[in-house]
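K.L.:
here are the coordinates; sequence isn't available:
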């Protein structure tokens with residue numbers, strides 16, 4: 001793909017500037033039905049992970065780009081890997097809507113829910129998926145540190 005300055009500027013405007021606790025740089029723009037970030041420029045659409053991979057490696061990926069961390073919204077160059085398409089599998093009910101494991105829709109926002117060692121972690125409602133994911137990561141780290 002030919003990355004124009006417009007595509008690069010639009011990409012950087014929609015990626016979080018501070019990493020999450022796990023090192024993910026989350027895509028803050030539109031996410032498609034599969035939970036992966038999409039960047040629209042004019043009538044063209046680009047997968048956010050492919051743009052991030054090309055910016056990091058200097059060449060477009062020939063194959064699909066996977067996130068090593070498992071977070072569909074992650075654009076951190078260290079978490080991206082060009083590889084083969086994953087085999088078809090049943091969608092995970094925990095991340096079907098948000099694209100992020102343990103983040104669920106709640107009213108007009110997003111909430112993190114997870115059980116660790118029998119203790120239930122339930123965050124308050126946040127306006128964005130990224131904020132809910134960050135709050136859940138912090139709560140998870142606190143729960144694991146206290147155990």
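P.N.:
Cool, the structure landed. Note that the structure is predicted; figures quoted are calculated from it, not measured.

K.L.:
other SSEs contacting the top helix by length along the chain?
P.N.:
Longest helix of the chain, by residue count under DSSP state H: helix 129-146. Applying 3 or more Cβ pairs under 8 Å, 6 or more residues apart in numbering; DSSP states H and E, one finds that helix 129-146 contacts strand 103-106, strand 109-116, strand 119-122. C-beta: built from backbone N, CA, C; applies to glycine.

K.L.:
how's this protein carved up into domains?
P.N.:
The chain breaks down by automatic domain parsing into domains covering 5-83, 103-146.

K.L.:
Just the pLDDT at the residue minimising distance to the centre of the chain, thanks.
P.N.:
In the chain, the residue lying closest to the centroid (Cα atoms, centre = their mean) is residue 73, at 1.5 Å. Looking at residue 73, its pLDDT is 90.

K.L.:
Compute the number of surrounding residues for the nearest residue to it once chain neighbours are set aside.
P.N.:
Spatially, and ignoring its direct neighbours in sequence, residue 73 is nearest to residue 27 (4.4 Å; Cβ to Cβ, 6 or more residues apart in numbering). Residues lying near residue 27 (other Cβ atoms under 10 Å) number 29.

K.L.:
What's the end-to-end length of stretch 112-128?
P.N.:
Terminal residues of stretch 112-128 are spaced 11 Å apart (Cα to Cα, to the nearest Å).
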